[in-house]
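S.K.: This is a predicted model, with the sequence first.
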Amino acid sequence: MSDIKSLSADYFDSKSEEYTNDYYLNQQTHPKWARQKSIVSFVRKYLQSSNTKILDIGCGPGLLEEDLSNLSYKGIGMDISKEMIKLSKQRAQSKGFNESWEFVCGDCEDTRLEPESIDCVIASGVIEYMPEDNKMLEEVNRVLKVEGLFILNVTNVFGVSTSLNRLSHYLKGIPGVMRLADFVKIRLLESNTKAKRLSFIPRKHIPSAFIKNARRNGFELLDDVYQGFTLLPAPFDQIFNKLIGRKFIDLERLNNTPLRVLGASYLVCLTKKA
Ligand SMILES: C[S@@+](CC[C@H](N)C(=O)[O-])C[C@H]1O[C@@H](n2cnc3c(N)ncnc32)[C@H](O)[C@@H]1O
């Protein structure tokens, strides 16, 4: 496996519970919930029937499957991390959607599924952990039926919120800086978990270039939404909001304006061309 791919697989394997708690279960206002809601909206809008098969690659802890199963959708959740698959199986069992969703360990660049066997592929927060896009796009194209849906997001290189990611990654490598980051997170932001430093930097995309490449790989754009708007880059936005005691303003409506290009996440609904 190439570097970013194996490093991220190990990371999610070792942090499966922390990821689930920090980004979802302990934070009902985290932007990942908004992303999940938009994915469900695209499925409801563009997937004609619930009698179809969905494949969620990089399914993580299976929270999206829980929402989709409540709407009678069924399919396969796939993840390279055994620990994530263990969590999603436990969730499916405890929430009663283990009959409609199967969870398997697998690689989104080589799923081993039958060609043209899937109606809708979802990849939420996954492509940035691949060394490049084409292998995954080719594999998704192979397993999708003609006119099937491909819903995925990329991290926007022009996003305000994520613009200091690379700098903060390097700063956190300086001795003592992680302790400062922990202080900011735990004391100022009142988080119950310490700051994180990954051993790799997830990729970002130029949205227009991504769409151009998706077209070259046999997809057409049906719909899109920019999300994750902030006035300042992280962590300054969270600190600012904490200091004034609330979220300054709800910026998500910027998606309906030309400033949408400043959203941190670009979620698209593509369709496989005939
Ligand atoms: C940021 S998490 C996203 C989880 C979930 N989709 C969500 O939206 O919260 C990325 C997930 O992709 C998985 N992943 C990373 N590389 C993968 C690969 N090559 N094939 C399948 N899953 C992969 C990780 O194990 C992790 O669970």
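M.R.: Thanks, I have it.
S.K.: would you list every one of the strands in the stretch 101-250 of the chain?
M.R.: Residue ranges of the strands in the stretch 101-250 of the chain, as given by DSSP state E, counting those that start in this stretch, are 101-105, 118-123, 144-155, 219-227.
S.K.: which helices and strands does the last one pack with?
M.R.: Strand 219-227 sits against helix 31-46, helix 207-216, strand 265-272, with contacts defined as 3 or more CB pairs under 8 Å, 6 or more residues apart in numbering; DSSP states H and E. Quick note: C-beta positions are derived from backbone N, CA and C, even for glycine.
S.K.: Could you dump the ones you listed into CSV with distance to I244 and mean neighbour count added?
M.R.: Formatted as CSV, the helices and strands packed on strand 219-227 follow (distance: least, CB to CB, whole Å; neighbours: other CB atoms under 10 Å):
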stretch, distance to I244, mean neighbour count
helix 31-46, 19, 17
helix 207-216, 31, 15
strand 265-272, 24, 23
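S.K.: Out of those, which gets nearest to the ligand?
M.R.: Checking these against the ligand by CB to the nearest ligand atom gives helix 31-46 as the closest, at 5.4 Å.
S.K.: Is the ligand within reach of the closest one?
M.R.: Yes. Contact of helix 31-46 with the ligand (CB under 6 Å from any ligand atom) involves K32.
S.K.: and the chain, which residues reach the ligand?
M.R.: 5, 8-9, 12, 32, 57-60, 78-81, 84, 107-109, 124-126, 129.
S.K.: Now with 5 Å, please.
M.R.: Applying CB under 5 Å from any ligand atom, we find that the chain lies next to the ligand at 12, 58, 60, 79-81, 84, 107-108, 124-126, 129.
S.K.: Nearest to D223, out of the residues you listed: which one, please.
M.R.: S124 (15.2 Å; CB to CB).
S.K.: So which helix or strand of the chain has the lowest pLDDT on average?
M.R.: When each helix and strand of the chain is scored by mean pLDDT, DSSP states H and E, helix 236-244 comes last, with a mean of 75.
S.K.: How about the contacts made by L254?
M.R.: By CB atoms under 8 Å, 6 or more residues apart in numbering, the contact list for L254 reads 226, 229, 260, 262-263.
S.K.: With respect to per-residue confidence, which of those is lowest?
M.R.: In terms of pLDDT, the lowest of the contacts of L254 is F229, showing 92.
S.K.: Give me the number of neighbouring residues for it.
M.R.: Using other CB atoms under 10 Å, F229 has 23 neighbouring residues.
S.K.: Once you drop chain neighbours, what's closest to it?
M.R.: In space, and not counting its chain neighbours, F229 is closest to L251: 3.6 Å by CB to CB, 6 or more residues apart in numbering.
S.K.: From what I see, R197 and G173 are in contact.
M.R.: Yes. Here R197 lies in contact with G173, judged by CB atoms under 8 Å, at a distance of 7.2 Å.
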